[in-house]
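Peer 1: I need the structure of the sequence given here:
(chains A, B, C and D)
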Number of protein chains: 4
Amino acid sequence: MNSTKIKAGIIGATGYAGAELVRLLLNHPFAEVTAAGSVSFQGKKISEVYPSLQGACDLICCSTEEVMAKSDVVFACVAHGMSQDFAAECAEKNIAFIDLGADFRLEDEEDYKLWYGAGFTRKDLHARAVYALPELFRDKIKTSRILANPGCYPTSIALALYPALQAGLIEKNGIVIDSKSGVTGAGRSPSDTTHFPACNEAFTPYKVAAHRHTPEIEQTLSLAAGEKIKVVFVPHLLPVNRGIISTVYAKLTPGTDLDTIRKTYEDFYKNERFVRLKNGGETANLRDVKYSNYCDISLHTDTRTGTLIIVSAIDNMVKGAAGQAVQNMNIIFDLPEDAGLCIIPPAF
Amino acid sequence: MNSTKIKAGIIGATGYAGAELVRLLLNHPFAEVTAAGSVSFQGKKISEVYPSLQGACDLICCSTEEVMAKSDVVFACVAHGMSQDFAAECAEKNIAFIDLGADFRLEDEEDYKLWYGAGFTRKDLHARAVYALPELFRDKIKTSRILANPGCYPTSIALALYPALQAGLIEKNGIVIDSKSGVTGAGRSPSDTTHFPACNEAFTPYKVAAHRHTPEIEQTLSLAAGEKIKVVFVPHLLPVNRGIISTVYAKLTPGTDLDTIRKTYEDFYKNERFVRLKNGGETANLRDVKYSNYCDISLHTDTRTGTLIIVSAIDNMVKGAAGQAVQNMNIIFDLPEDAGLCIIPPAF
Amino acid sequence: MNSTKIKAGIIGATGYAGAELVRLLLNHPFAEVTAAGSVSFQGKKISEVYPSLQGACDLICCSTEEVMAKSDVVFACVAHGMSQDFAAECAEKNIAFIDLGADFRLEDEEDYKLWYGAGFTRKDLHARAVYALPELFRDKIKTSRILANPGCYPTSIALALYPALQAGLIEKNGIVIDSKSGVTGAGRSPSDTTHFPACNEAFTPYKVAAHRHTPEIEQTLSLAAGEKIKVVFVPHLLPVNRGIISTVYAKLTPGTDLDTIRKTYEDFYKNERFVRLKNGGETANLRDVKYSNYCDISLHTDTRTGTLIIVSAIDNMVKGAAGQAVQNMNIIFDLPEDAGLCIIPPAF
Amino acid sequence: MNSTKIKAGIIGATGYAGAELVRLLLNHPFAEVTAAGSVSFQGKKISEVYPSLQGACDLICCSTEEVMAKSDVVFACVAHGMSQDFAAECAEKNIAFIDLGADFRLEDEEDYKLWYGAGFTRKDLHARAVYALPELFRDKIKTSRILANPGCYPTSIALALYPALQAGLIEKNGIVIDSKSGVTGAGRSPSDTTHFPACNEAFTPYKVAAHRHTPEIEQTLSLAAGEKIKVVFVPHLLPVNRGIISTVYAKLTPGTDLDTIRKTYEDFYKNERFVRLKNGGETANLRDVKYSNYCDISLHTDTRTGTLIIVSAIDNMVKGAAGQAVQNMNIIFDLPEDAGLCIIPPAF
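Peer 2: Down below sits the predicted model:
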């Protein structure tokens, strides 16, 4: 019965993360989209913006106020710097707030200033916000009402490295992360770099060692390592719609072998619904996680050089954004964690 | 509870249509896959063949006998000529049989001989088989236990043309059908024409005016027209994974205008869950139906030449194969027709 | 020696057609690019706009005046309505003018008004301009200094249909043209429809029976037919960078068979360097003409319905734009027609 | 005049490298393809195998004997293990031999045994063979008649790392190489991994730290380093037809900054026609080298971690195979090194 369903509102519903939230929530057994906020398309049906939604969702895009008025939980999919006020308003009205942007991800305001060019506007809220990567911080998420949904690259990287770092299987220094993302990662707005003839049959890194996700990645990995660490992070633009592959390189600590590593990861993720470890000889492939909330991880060692190579694959729009946000909603509303997320990735 | 679910077995589960059936049935509320038959991969987990299924389905590929033994309904995804014996066996054992191949699609044995090079081996069964395009032949499907699931191109074309032909809005002669299909239509086996560098950044027609789906298309359209008609049909290979666009051209009968046509289609499809008519100014796009059971149809007239142009879009693996097969299963088992098929097509 | 090379200037050099002209002219044995005009990028190196040109062309984008001052021949790659003044200036200065836009393509001002929304501003020049499709109008091109380089779709269609129409092998009415173009056809400017995630894994028609190339197509075909004819023309957007496939359907006149048709085309094109007729059983594929000036044509009949099906393939940026423009330059400067155009299409 | 042109024969002309050699040599001013050897297609026109060649090359595929009989230089594009006998025969007949396979690339027979599973069959020839990467070993190439054309990955990596290693700008240990290759790298034969629906919209590493190019990479880098070094090398399969991007990570030696590095590379490559260093702020992109013999290199430092990041881009079929082979032919026949290779990469 609808009256008992969780009312989910979205600010920025016509961006890619917002549209993906709509897609996922429409199939959620215990939640429903009650408001799709959009500044650019207010008054238009969301199915006019995304014709794929025709017949499935004919919500008319509304104002932020209307989103607030109609929601038990608000998902914010807006540019950085804008979420803090929305969070404040939600806090006042006792609405759960899940931010898909960067505003609440970094604990250290100096880091935020350095990489985002502005300070925290609501320091009190930052103290209450939780970095919401369920597989790592589920307990804290449960009791919070302001969640910072992790970035797409950081999700793929934290899940790949956390167990090894925490268990001391790899050296803390010299970690290299080479990531590749589909074009939806650049969002809905057309640009020179996302113009089809410019990125089709093309491949290049971008923001080399200068991507804003770097401090977020380091924040989580430092927790795992028990000390502040730095990593090299280079993202690339992949000519596919969706998905992130992160290939991670780290020095093995003396005496560590592949069996130990595999055992550590199996233990770490044994109760995790959305993490799949590949068998020996298999590699994580973004094809196999597309449209789903899975993170596939394959573990490899280069014994010639004493290197651990971890490959993780996620769908950047699902586990890397909207799916993880729904997973977080499920946690704070005490629902089955996979409600609405039992999507089988299509094989092709 | 599983014990009350319909037991669905698949012969040829490791082909593309079979794998897609697995994906859809895993999310079906009232059915479950009980047996995945495969000659090539017997003894292997299906998730080894399709790693996307890891964790979601770890069925081990089995023999045809085992499929028969474990199923209330059998889906056959095999090469033409092979289904008739399976159907006979199912008929004997009172198992519902849904054939995704061509064996039972044509009523006229001469047509079958001409296009497939062999006669009917079980004429008695052919008399009982129903051509199972739900939007057109739902009543007959309900009472049958041997269903010929339509071909992908014929589905996209029949849904596009049936209303106009039946209502006499277009001339019966001179219909031109220009179709474009994604590469999954060619199946799972690698070949020169489906090798990535051969079909990526490429586009070409194939089997020009000589595709085996032609008699199937004409059989349905002749029913709509009330007399035997012939069409020109040219398929093309599109460098995408999934989807069929059929662009159909027909001469308007005197006095017919776009409003009349639109009204006719709206009436015809008003209760159809899976057919979406596009609004004026919009065109059907395979992007908007991907991974779903929808058929999107847009209607256009060229008043300069008195031509009706109909564009239909389906996912060849869903509405064009496995999805329609599940829809048919739902009908014969008296389930909600969209059970397991409430898939929102992802916007990107 | 450069001093004897033809000086070629380009207005609108940073659009896709302009950039392709630069690529082709850099390899031309008897011509050189002396000026690359660009309003948007004036003062910037063209190799900053197109890094592929680094080291090969470091021209700095200049004003239209500079283009005029430095050129024996001017290529104009600008929006419609803008070329007529440039042509007038070139005519005054005795500079050959090759227009890659639509301004001089249509002979009938009424047609131009109807489809482009404005009249001819320089009627005198229109009288002197020639529609420059070399394979059809070579003699007229030779003696003209104002050339209207044909549109991409019209080129692919005129070459496909002219011989059959002229020879009376097909009915003049009821011709259906279903064309598919790569995304470069939409030009260099990013837009919602050319955003990678919007057109990758997508396919749809656009401007159904309403594309501006329609009157241009009909003008040439009417010449072939010896009377005014109309056609149905529907273009589609193909998720590849380059290329156009036009699939053309026409009623065979009584008694015409494939041999007669093939013979007619062989005779018609026997001296044509850039038209390749496919053998029986082969189909024209845009893969095989990519990056080259070829037009591949395959001929097919559907004897069941008495239909001729012609498939033509060109690279929309070469034979459909810049390559044909260079071919035209070669003709008016009395150079070997294939100078600079001996490009072997890469097989993959 | 043909009689004075170098006669080039190809063994294995219908594989991808062979077909690319044909494309390049057809435009070579001082060489011509006189024989296209093929076991699989003997007696067939090569333009039947690659219709793109129709009209440009109608050579009939011939035997190896015929290739030998008609050539001044033989290019071998065959599986490893097969070239040594061909080389011996060429040596006897005083035919120059350029091997595009692996047989002569490794100096250390133990390495060859370890990675290729067999020893050298003609040790005398190995002593005379030269590893033919022109930018590094031009002088030795000039005087040899048996050339080992480098592998595609090793080319992209050696050009990226040689200057820095040789100049001592980076640590010799801990180098990480993350490479991504287009699907043509897997060759012409269809397979499960190169089937369009399996690799389109997909991305995954393969042969993680186990690719046969590893010893070849280390052999060249060890030369640069002045001592034996080991690297981590992980290749990935990119859903594009052509191109390799290698992203290389190395620890900066103390006191090294980006300016020093840039200056070193500028000096090293200042006379190299085919190496293009990107300006600061730009990144190497495989789009910009497609179909050409260029290697684009961009240099980046991560000062936070003291890391040099080098990105190199080549076309795997040109600079990574056939183009480099033609460059080598030019060197040994004392032709301009860029003869036949002045290809401007298309911008899209």
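Peer 1: which bits of chain A sit near chain B?
Peer 2: A:16, A:19-20, A:22-23, A:26-27, A:50-57, A:184, A:201, A:241-242, A:276, A:278, A:282, A:285, A:287-292, A:294, A:296, A:317, A:342-348 (CB under 8 Å from any CB of the partner chain). All C-beta spots, glycine's among them, are computed from the backbone N, C-alpha and C.
Peer 1: now, the residues you listed that are in helices?
Peer 2: If you go by DSSP state H, the residues of chain A next to chain B have A:16, A:19-20, A:22-23, A:26 in helices.
Peer 1: follow-up on the earlier one: just the residues of chain A next to chain B: which are in strands?
Peer 2: Residues of the residues of chain A next to chain B located in strands (DSSP state E): A:276, A:296.
Peer 1: now do the strands in the stretch 101-250 of chain A.
Peer 2: A:130-131, A:146-148, A:176-181, A:204-205, A:232-237, A:244-251 (DSSP state E, counting those that start in this stretch).
Peer 1: circling back: separate out the buried members of the residues of chain A next to chain B.
Peer 2: A:16, A:19-20, A:22-23, A:26-27, A:50-57, A:184, A:201, A:241-242, A:276, A:278, A:282, A:285, A:287-292, A:294, A:296, A:317, A:343-348 (16 or more other CB atoms under 10 Å in any protein chain shown).
Peer 1: ok, the residue in the stretch 201-348 of chain A positioned nearest to chain C - contacts?
Peer 2: Proximity of the stretch 201-348 of chain A to chain C (CB to the nearest CB) peaks at residue A:241, 4.9 Å away. Neighbouring residues of residue A:241 by CB atoms under 8 Å, 6 or more residues apart in numbering or on different chains: A:182-184, B:348, C:196-197, C:200-201, D:201.
Peer 1: then residue A:9?
Peer 2: With CB under 8 Å, 6+ apart, residue A:9 has these contacts: A:33-37, A:67-68, A:70-71, A:73-75.
Peer 1: again, only this time at 7 Å
Peer 2: A:34-35, A:37, A:67, A:70-71, A:74 (CB atoms under 7 Å, 6 or more residues apart in numbering or on different chains).
Peer 1: low pLDDT regions in the stretch 201-348 of chain A?
Peer 2: Along the stretch 201-348 of chain A, no part satisfies pLDDT under 70.
Peer 1: mind checking the end-to-end distance for stretch A:75-93?
Peer 2: 15 Å (CA to CA, to the nearest Å).
Peer 1: hmm, who's touching that stretch?
Peer 2: A:8, A:10-12, A:15, A:17-18, A:21, A:68, A:74, A:97-104, A:116, A:118, A:121-122, A:125, A:146, A:325.
Peer 1: so which of those sit within helices?
Peer 2: Using DSSP H, the contacts of stretch A:75-93 in helices are A:17-18, A:21, A:68, A:116, A:125, A:325.
Peer 1: if you count neighbours, what's buried in stretch A:77-95?
Peer 2: A:77-78, A:80, A:82-84, A:86-88, A:90-91, A:95.
Peer 1: closest to residue C:137 among those?
Peer 2: residue A:77 (55.6 Å; CB to CB).
Peer 1: just give the nearest non-adjacent residue to the closest one, would you?
Peer 2: For residue A:77, ignoring the flanking residues on the chain, the nearest one in space by CB to CB, 6 or more residues apart in numbering or on different chains is residue A:12 at 3.6 Å.
Peer 1: so that neighbour touches residue A:18, yeah?
Peer 2: Yes. The pair residue A:12 / residue A:18 is scored as a contact, 4.9 Å apart, by CB atoms under 7 Å.
Peer 1: okay, now residue A:132: neighbour count?
Peer 2: Residues lying near residue A:132 (other CB atoms under 10 Å in any protein chain shown) number 27.
Peer 1: what's the spacing between it and residue C:64?
Peer 2: 56 Å (CB to CB, to the nearest Å).
Peer 1: equivalent analysis for residue A:289, please.
Peer 2: 52 Å.
Peer 1: residue A:230 now?
Peer 2: With CB to CB as the criterion, residue A:230 and residue C:64 are 52 Å apart.
Peer 1: over to residue A:23?
Peer 2: 49 Å.
Peer 1: now do the contacts for the residue of chain A found nearest chain C.
Peer 2: Of all residues in chain A, residue A:190 sits closest to chain C, at 3.7 Å by CB to the nearest CB. With contact set as CB under 7 Å, 6+ apart, residue A:190 has these partners: C:190-192, C:194-195.
Peer 1: please identify the buried residues of stretch A:126-143?
Peer 2: Buried, per 16+ other CB under 10 Å, within stretch A:126-143: A:126, A:129-137, A:141.
Peer 1: mind checking the longest helix of chain A?
Peer 2: Chain A, longest helix under DSSP H: helix A:152-166.
Peer 1: list the helices and strands that helix packs on?
Peer 2: helix A:134-142, strand A:176-181, helix A:213-225, strand A:244-251, helix A:258-268, strand A:295-302, strand A:307-314 (3 or more CB pairs under 7 Å, 6 or more residues apart in numbering or on different chains; DSSP states H and E).
Peer 1: let's see it as CSV, backbone CA atoms only.
Peer 2: C-alpha atoms of helix A:152-166 as CSV (Å, rounded to 0.1, in the frame of the first residue of the first chain):
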residue,chain,number,x,y,z
CYS,A,152,32.1,6.8,-7.8
TYR,A,153,35.8,6.4,-8.1
PRO,A,154,36.3,6.4,-4.3
THR,A,155,33.7,3.6,-3.9
SER,A,156,35.5,1.4,-6.5
ILE,A,157,38.8,2.0,-4.9
ALA,A,158,37.9,1.8,-1.2
LEU,A,159,36.3,-1.6,-1.7
ALA,A,160,39.3,-2.8,-3.6
LEU,A,161,41.9,-1.7,-1.1
TYR,A,162,40.4,-1.6,2.4
PRO,A,163,40.8,-5.2,3.4
ALA,A,164,44.5,-5.5,2.2
LEU,A,165,45.5,-2.2,3.9
GLN,A,166,43.7,-2.9,7.1
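Peer 1: and the angle from that helix to strand A:307-314?
Peer 2: Angle between the axes of helix A:152-166 and strand A:307-314 is 140 degrees (criterion: axes from the mean of the first three to the mean of the last three CA atoms, to 10 degrees).
Peer 1: tell me which residues are up against helix A:152-166.
Peer 2: A:133, A:135-136, A:170, A:177, A:179, A:181, A:185, A:213, A:216-217, A:220-221, A:224-225, A:235, A:244, A:246, A:248, A:250, A:261, A:264-265, A:268, A:275, A:295, A:297, A:308, A:310, A:312, A:314, A:316, A:319-321, A:324.
Peer 1: would you mind listing what in chain A touches chain C?
Peer 2: A:183-184, A:190-192, A:194-197, A:199-201, A:241 (CB under 7 Å from any CB of the partner chain).
Peer 1: how's chain A carved up into domains?
Peer 2: A:2-150+A:319-332, A:153-316 (automatic domain parsing).
Peer 1: quick one, which of those domains gets closest to residue C:111.
Peer 2: domain A:153-316 (30.5 Å).
Peer 1: correct me, but residue A:95 touches residue A:71?
Peer 2: Yes. Residue A:95 lies in contact with residue A:71 (CB under 7 Å); the separation is 5.8 Å.
Peer 1: just to revisit the earlier point, can you redo the strands of the stretch 101-250 of chain A as a markdown table with distance to residue C:150?
Peer 2: Shown next, in a markdown table, are the strands of the stretch 101-250 of chain A (distance: least, CB to CB, whole Å):
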| stretch | distance to residue C:150 |
| --- | --- |
| strand A:130-131 | 59 |
| strand A:146-148 | 57 |
| strand A:176-181 | 41 |
| strand A:204-205 | 35 |
| strand A:232-237 | 36 |
| strand A:244-251 | 44 |
